[in-house]
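Undergrad: have a look; sequence and predicted model below, questions after that.
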Amino acid sequence: QVQLVESGGGLVQAGGSLRLSCAASGRTFSDYPMGWFRQAPGKEREFVARVSWTGGITDYADSVKGRFTISRDNAKNTVFLQVNNLKPEDTAVYYCAAYAGSSPRYWGQGTQVTVSS
């Protein structure tokens, strides 16, 4: 079992930046690939980014490539999502997840990101 707690969301103007954090506890954090997902009002949850357990391999949704950066610090049991050049369409609740195999298994409660135009 892994417990995940996100933080760092907020209200920001278009073009602004935020750094989202996800603190993990429970089983060994470094055993898990980690990911970020988001869910906008009235839409399904969608993949944003993923990082391998070592941090050496990353993957991004096309909509965020070049603007978002995922990273992790295994010594601090934390995964980050640096979000730059935010757009109103990035407004959503952002969730982090720990993968088991190829699918996310454990989820945090989410942090709200709101981008004003």
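TA: Thanks, I have it.

Undergrad: quick one: which helix or strand includes the closest residue in space to residue 82 that isn't next to it in sequence?
TA: When the adjacent residues along the chain are set aside, residue 82 lies closest to residue 69, with 4.4 Å between them (Cβ to Cβ, 6 or more residues apart in numbering). All C-beta atoms are positioned from the backbone trio N, CA, C, and that covers glycine. Taking DSSP states H and E as the criterion, residue 69 maps to strand 68-73.

Undergrad: buried ones in that strand?
TA: When burial is assessed from 16 or more other Cβ atoms under 10 Å, strand 68-73 yields the following buried residues: 68-70, 72.

Undergrad: same thing with stretch 102-115?
TA: Taking 16+ other Cβ under 10 Å as the neighbour-count basis, stretch 102-115 is seen to contain the buried residues 104, 106-108, 110-111, 113, 115.

Undergrad: please look at residue 94 and residue 21 and confirm they touch.
TA: No: with the criterion set as Cβ atoms under 8 Å, residue 94 and residue 21 do not qualify as a contacting pair; they are 10.6 Å apart.

Undergrad: tell me, what's touching the two both at once?
TA: Both residue 94 and residue 21 are contacted by residue 6, under the criterion Cβ atoms under 8 Å, 6 or more residues apart in numbering.

Undergrad: between those two, who's got more neighbours?
TA: Neighbours per residue, other Cβ atoms under 10 Å: of residue 94 and residue 21, the larger number sits with residue 94, 23 against 17.
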